[in-house]
Structures are given as structure tokens and as C-alpha cells.
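[1] Below is the sequence, then the predicted model.
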Amino acid sequence: MGLFSKKEPVKEEAATTPATITTSTDVESERHSLNEIVLESINEGVMIVDQKGNIQLVNPAACKMIGRDADELLHVSHDAVITLLDKTGNRISAARNPINMAIKQKEYKETRDLDMVAADSNKNTPVSIITTPSQGDNPNIIVTFRDIDRELREEHERNEFISTASHEMRTPVASIEGYLGLAMNPATATVDERAMGYLEKAHDASKHLGRLFQDLLDTTKLDDGKIQPVMRPVEIVKLVKKIADGQIPRITDKGLGYQFGSGSVDQQLGGGHRLEQLIYASVDEDFLSEIINNLIENAVKYTPSGWVTVNVKADNYNVQIIIQDTGIGIAREELSHVFQKFYRVDNRDTREIGGTGLGLYLVKQRVEMMNGRIWAESEPNKGSRFIVLLPRISKEAYEQQKFLIENQEAQEKMH
Ligand code: ADP
């Protein structure tokens, strides 16, 4: 097994030979050879694939992971020689293959949820696959493979620890919150005004802790794949309205206005769907509730006055659920970070507002597990808009999926 090229690697004595006149071609060829040495010796698999999907270069580490010699790989379509499985053990389709996706989308991407099967031993290895397009209009794709078996096991152990700890701590915190509630209730206890002030602070802090433990527990479960979405076909406008309407008390208690549908306060949202139009999608209803509730809770939290608007729009392929507010907004440089774990914008406006920094991370995880995408648009002091995009399904697909699920459930009941 060698590198892609048949050139000899740089000889050791080259560096120690007496100085002679060095031309720029010498320097270049030496650099070239050093590059080869690096590629030959690193533990990460490196491969270059052209626009047709054919392998143009492969290093020994990649050959080892794939379980084939370089001769078997070079100038062959990657699809034909590399076997990638998803976490259920099924071979991934060509459309889901990260290398094909990189050829099409010409984007840098890391995928960490696939296994590679070595052709010579049938051994499965969890891999990180990073695809980086080279410069130019028809870029080659540089693919790196890394064995992440140990990394994933360590991550799993860490998650188990956090999960057990948060689970154990939730119970005493709930009990503290309950007793503080009793102490604050004039029907069950008598306290003076000053003590009441302390109790209120302690009650708020215990509620915050309870929320933090719950968010941590959800995060570890989602990260570990312990919660999987149960997708069902739904009429999405009706469902989003039902979930969003559940938040009306929270919105109006803060003195904010609420609007659902098109023709909102913001004219940019006009021209959306008509309420009587039926739009279908396949979703996990619990996931969708968590997503919408969390986005509305944030909209309320970060909006001192004005409106919270929920809108559903669709084109032929996708549904967009838009949650918009007229609040403090998010600065441009913070926007790309707000979906990261524990990220909280820290400024004068946000400092007094409580939160865990896990809400939007959980929202993004759940959206992506339902094959969707989420992003935010915002202008400081004007407001924010969070857009959840989910694949739309046709009326026929909706009816067919519904029929299949109902049939399956009826059969399960009979057994
Ligand atoms: P938190 O628990 O802090 O609200 P999130 O993950 O839900 O955590 O949000 C991350 C950060 O993004 C928040 O701390 C806040 O600064 C910002 N953010 C989220 N939603 C909004 C919004 N609707 N308006 C302004 N800022 C927001």
C-alpha cells in the first residue's frame, strides 16, 4: 500500500548533503516530497475525489481504513469501494453520502454519525468524515477520515455521568422548590416582608436549577441518540397554531401582542399562506412542541414591549415556521453562535434575564433530527426572527402515511 504517486519519498541524506546551488525547482520538489512524507505517515485517512466521484489520491491510512490497496482505489468511484453505514447498520443512500453531498454543494462539512466497513475484515469503525472542496469552479473534494471510536466512547461516558447527576439532582431541587412555595404561600406559612423577598429569590434560583438539570438531561439524551423522533404525518398549520396558542397566557401576561398567520405587524411577512390552506409535513409532535414553545419563550423573554408573531409559510418542497419578536435583537457577530451549547449573549440587556444557554442548542438538535434546518435573522433593538424549515409532504403522501400508521397501530392492538 503506498501513496497515490509512484515517486520515491525524500531520502534522509538529502538534508545532510553538502550545500550546492539550490534552484526554485529543487525547493519546490523538496516541499512536494515533504508533503508526501506527511501524507504517508499521518494516522488520518486522506483522499482526493474529483467532480465525477473518482478517487485521485489516497494515503496509506485511508487505504487501511477502507481495507483496500491504493491500486484498487485509484481512479475508481468512491461509491464502489467505500462502504458507509448509518447508526442502524444500513448502507447509506448515494444522496446521503457526505462525499456526494460535498461534490454537489461544494461546502466544508463534518459528518460524525457514520461507520465505515473495511473491505478486507468487515470491521465497522465509527468515523468522522470531513469534506473540504479545493479552490475553483470545479473543485476536487479533499476527504479526511478519522477513527472516532475512542472519542465516542469517552463522550458517551461523559454523557452518562452528566445524565445520572442531573437526574439525581432534579428530585431534591424539586423538593426545595416545593417547600419554598409552601413557605411563600400565606395559607400555609407566615413570614415577614423581608423574609418573603429572600424566599422569592431562593424560589427563582431553585426554578432555574430545575430547568438547568432538565435541559442537561435532554441534551445528553439527544446527544447520545437515546431520544429518537417518532415521525407522523400532520396538518402543520393547525398543529403549530395549537402549540403556539398554548403560549398566549405567557405572552399576554407580559403585556405583549400576539398574532398568528400572515398579514402580521411586519409587512415582510405578508403574502404568506392563507389560513384555510392545508399544508402537510411529517414531524414528531413532542419535538415540534418543544421547538415552538422554546422559541416563543425566548421571544417573550427577550422582548420588553411589542409583539410576538408566529407564521407558517410553504412552497412546494418546504414548510417554514417563523417565530418573530420586536425585542432586543441579536448582534450580527453573535447570530451564528446562539445555537451552540451553553452560549449566552452577554450584554447590558441580557444580563438580568435568566437562562441556561441550552435552549437553542436543543431546538436545533430536534429540528435537525426531523430532517429540518433552523436559522435566525435579527437586528439589534428591532427584533429577531427564528425560521424553522421542515420538508413538506403532499396530500397523497400524508394520507398514505396516515393510513399505514393507523393500520399498523390497529394490528399492534389486536396482538
Ligand atoms: P437561554 O437559556 O440563555 O435563553 P438559548 O439557547 O435559548 O439560551 O439562547 C441563547 C442566547 O441567544 C440567549 O442567551 C440570548 O442572548 C439569545 N437569544 C435567544 N433568543 C432570542 C430572542 N428571541 N431575542 C434576542 N436574543 C435571543
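    Nice, I can see it.
[2] Check which helices and strands the helix or strand that contains Asp286 sits against.
    Per DSSP states H and E, Asp286 falls inside helix 285-301. Counting contacts by 3 or more C-beta pairs under 8 Å, 6 or more residues apart in numbering; DSSP states H and E, helix 285-301 packs against helix 236-245, helix 248-253, strand 307-314, strand 318-325, helix 359-369, strand 383-393. For the C-beta atoms, the positions are set from N, CA and C on the backbone; glycine is no exception.
[3] my guess is Met369 contacts Gln228, does it?
    Yes - with contact defined as C-beta atoms under 8 Å, Met369 counts as touching Gln228 (7.4 Å).
[4] Show me which of these two is the more surrounded one.
    More neighbours surround Met369 than the other of Met369 and Gln228, with 16 against 13 (other C-beta atoms under 10 Å).
[5] which residues does the more buried one contact?
    For Met369, the contacting residues are Leu222, Gln228, Pro229, Asp284, Phe287, by C-beta atoms under 8 Å, 6 or more residues apart in numbering.
[6] Tell me where this structure has helices.
    24-41, 60-66, 70-73, 78-81, 98-105, 149-184, 193-223, 236-245, 248-253, 285-301, 332-335, 359-369, 395-414 (DSSP state H).
[7] So which bits of the stretch 151-300 of the chain are right by the ligand?
    Within the stretch 151-300 of the chain, the positions adjacent to the ligand are Asn298, Ala299 by C-beta under 6 Å from any ligand atom.
[8] what sits against the closest residue to the ligand within the stretch 151-300 of the chain?
    The minimum distance from the stretch 151-300 of the chain to the ligand, using C-beta to the nearest ligand atom, falls at Asn298 (3.5 Å). Contacts for Asn298 (C-beta under 8 Å, 6+ apart) come out as Gly359, Leu360, Phe386.
[9] Most neighbours of all the residues you listed, which one?
    Phe386 (25 neighbours).
[10] Would you agree that one is in contact with Ala376?
    Yes - using C-beta under 8 Å, Phe386 is in contact with Ala376, at 5.1 Å.
[11] shaky segments in the protein?
    Applying pLDDT under 70 to the chain picks out residues 1-24, 262-276.
[12] Map the structural domains onto the sequence of it.
    With domains defined by automatic domain parsing, the chain comprises 30-147, 152-225, 232-400.
[13] start to end distance for the last one?
    Between the opening and closing residues of domain 232-400 lies a distance of 11 Å (C-alpha to C-alpha, to the nearest Å).
[14] and Ile353, how many neighbours does it have?
    Neighbour tally, Ile353, other C-beta under 10 Å: 12.
[15] correct me, but it touches Pro304?
    No - assessed by C-beta under 8 Å, Ile353 is found out of contact with Pro304, at 10.0 Å.
[16] Report the central residue of this structure.
    In the chain, the residue lying closest to the centroid (C-alpha atoms, centre = their mean) is Gln365, at 4.4 Å.
[17] near the ligand, which residues of the stretch 301-415 of the chain?
    302, 325, 327-330, 338, 343-345, 350, 355-361, 384.
[18] how does it look with 5 Å?
    Contact residues, the stretch 301-415 of the chain versus the ligand (C-beta under 5 Å from any ligand atom): 302, 327, 330, 338, 344-345, 350, 355-357, 359-360, 384.
[19] Is it possible to mark the buried ones in those residues?
    For these, a burial check counting by 16 or more other C-beta atoms under 10 Å picks out Tyr302, Gly327, Ile330, Val338, Arg344, Val345, Thr350, Gly355, Thr356, Gly359, Leu360, Ser384.
[20] Among these, which one lies nearest to Leu216?
    Thr356 (8.0 Å; C-beta to C-beta).
[21] pretty sure Ser166 is touching Leu216, no?
    Yes - between Ser166 and Leu216 there is a contact under C-beta under 8 Å: 4.2 Å.
[22] okay, now Ala118: neighbour count?
    Quick note: Ala118 (other C-beta under 10 Å) scores 16 neighbours.
[23] try the one 4 residues further on
    Look at Asn122: counted by other C-beta under 10 Å, it has 9 neighbours.
[24] ok, back up a step: same list (the helices and strands packed on helix 285-301) but as TSV, adding distance to Asn138.
    Formatted as TSV, the helices and strands packed on helix 285-301 follow (distance: least, C-beta to C-beta, whole Å):
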stretch	distance to Asn138
helix 236-245	39
helix 248-253	51
strand 307-314	34
strand 318-325	29
helix 359-369	29
strand 383-393	29
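[25] Show me the one of those that comes nearest His156.
    helix 359-369 (16.3 Å).
[26] Distance from the closest one to the middle of the chain?
    The chain centroid and the centroid of helix 359-369 are separated by 6 Å under C-alpha atoms, centre = their mean, to the nearest Å.
[27] same deal with stretch 211-223?
    15 Å.
[28] got the buried residues for it?
    Neighbour counts over stretch 211-223 (16+ other C-beta under 10 Å) mark Arg211, Leu212, Phe213, Gln214, Asp215, Leu216, Leu217, Asp218, Thr219, Thr220, Leu222, Asp223 as buried.
[29] tell me the contacts of the closest residue to the fourth one other than its chain neighbours?
    Right, Gln214. Nearest residue to Gln214 in three dimensions, chain neighbours excluded: Arg170, at 6.8 Å (C-beta to C-beta, 6 or more residues apart in numbering). With contact set as C-beta under 8 Å, 6+ apart, Arg170 has these partners: Gly210, Phe213, Gln214, Leu217.
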